[in-house]
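Kindly generate the corresponding structure for this input.
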Amino acid sequence: MASRHLPSTAAMQCFEAAARHMSFTRAADELNLTQSAVSKQVAHLETTLQHKLFRRVRRSLLLTPEGAIFLSDVRKVLSQLEMSTQAIMTYSGNSEVLKIATLPSFGSRWLANKLPSFLSANPGISLEFHDRVKDFDLEQQGIDIALFYGHGSWPSLACHKLIDEDMVAVASPELLAQHPISSVNDVTRLPLLHLSTRPDAWHHWFANQQIITDRSYHGTRFETFPMLVRTAMAGGGVALVPHFTVDEELEGGRLTLAWPYRLLSESAYYLVYPEHLGELAKVRRFVAYITQFSN
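Modelled structure (predicted):
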C-alpha cells in the first residue's frame with residue numbers, strides 16, 4: 001500500500017477519542033489538543049478515506065456506517081501498536097519472551113501457583129499470558145504454547161497431557177443445611193447451576209449414577225467458572241465444576257460436596273505447541289517443567 005494511503009497515528013487517535021466521547025471537545029481535552037486540531041485531523045482522515053466518518057444530528061455527533069466499521073479496525077491497530085511499543089520498551093537482549101495462552105480458570109487455579117519456581121530457575125525467560133476460552137490457531141496469533149481442553153489431538157501441534165478432569169457437585173454449607181441430601185435424587189430438587197459451554201454436564205453426572213431426570217437441563221447458565229462458583233458460594237444452587245476449580249473453597253469450608261460422586265470427563269487438559277517450536281530452548285524448558293506436574 002502506498003504511504004499516502006496510510007493515515008497517521010495522530011489522526012487515528014483523534015478519531016478514536018472523538019468516537020468514544022462522541023465529542024471533538026472532550027477528545028481534545030483527553031489528548032491535550034485544541035478542538036480545532038482534533039477536527040482537522042479527523043477531516044484529513046475523511047479526505048484520505050474518501051468517506052465521512054461522523055455526521056451531526058441536532059448538535060449531537062454520530063458515527064456514519066463507514067465510521068463504525070473503521071472504528072473497530074482503528075482500535076485493533078492502536079491496541080497492537082501500544083502492545084508492541086511496551087514490548088520494545090521493556091525488551092532486554094538477555095531475555096526471551098514466551099507467549100502462553102490458557103483457559104482463564106485453568107490458568108488461575110492450576111497453573112499460577114507453579115510459575116514462581118519456573119521463573120526463579122529461568123531468569124532469562126519472561127512469560128506473557130493471554131486468556132483464551134476456545135481452541136485457536138497458535139501461529140496465526142503468535143502464541144508459543146497453549147493450554148487446551150479436549151481429546152488430545154490437534155493438527156500440527158505437539159500435545160502433552162497434563163491432568164484429567166473430574167466433575168464434582170458443590171454447594172454452600174448453608175444451602176445444604178437447609179436442604180439436607182441423603183441420596184443423589186435429592187440433588188435434583190435443588191437449583192442446578194450450569195456452565196453454558198457444557199450443557200450436557202449435569203445429564204451425564206446423573207446418568208452415570210443411573211438417575212434419569214428432566215431437571216438436568218434446567219437452571220441458570222454461566223459462561224465462565226468463576227461466576228458459577230461464586231453463585232454457588234452465595235447459596236444460589238448446586239454447581240457442577242472441575243474439582244481443581246474449587247479446591248481452595250472446599251478446604252476453607254466455603255463450599256461442600258453436595259454428593260460425593262465424581263464424574264471423570266472424557267476430555268482432559270493438555271499443553272500444546274507448534275511442532276516446529278519444540279527445539280526452542282524456552283519452549284523445551286517450560287514444557288519439561290510443567291509436565292512434571294501431570295497425572
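
Run a quick check on W205 versus L240, I expect a contact.
Yes: taking contacts as CB atoms under 8 Å, W205 lies within contact range of L240: 5.8 Å. The C-beta positions use only the backbone N, C-alpha and C, and glycine is treated the same way.

Quickly find the element holding the residue lying closest to R75 once chain neighbours are set aside.
Leaving aside its sequence neighbours, R75 sits nearest to E16 (CB to CB, 6 or more residues apart in numbering; 6.2 Å). Element membership of E16, judged by DSSP states H and E, is helix 9-21.

What of A268?
Here A268 sits within strand 256-274, counting by DSSP H and E.

Likewise for E165?
In this assignment (DSSP H and E), E165 forms part of strand 157-171.

So W205 and L240 - more neighbours on which side?
Taking neighbours as other CB atoms under 10 Å, W205 and L240 compare with L240 leading, 25 against 22.

Surely K161 is in contact with F293?
No: contact between K161 and F293 fails when scored by CB under 8 Å: they sit 11.4 Å apart.

still on that earlier bit, what inclination does the strand holding E165 have with respect to strand 256-274?
Comparing the axes of strand 157-171 and strand 256-274 via axes from the mean of the first three to the mean of the last three CA atoms, to 10 degrees yields an angle of 170 degrees.

Okay, buried residues for strand 157-171 please.
Neighbour-count burial for strand 157-171 flags 157-159, 162-163, 165, 167-171 (criterion: 16 or more other CB atoms under 10 Å).

coming back round to it: can you read off the pLDDT for the residue nearest to R75?
If you check E16, the pLDDT there is 96.

what residues are up against it?
Taking CB atoms under 8 Å, 6 or more residues apart in numbering as the criterion, E16 is in contact with 71, 74-75, 78.

Would you mark the buried spots in stretch 223-239?
By neighbour count on 16+ other CB under 10 Å, the buried set for stretch 223-239 is 225, 228-229, 231-233, 236-239.

where does A234 fall, phi/psi-wise?
A234 adopts backbone torsions of phi -80, psi 0, taken as degrees, to the nearest 10.

these two touch, right, it and A171?
No: counting by CB under 8 Å, A234 stays clear of A171, with 10.4 Å between them.

Okay then, goodbye and thanks.
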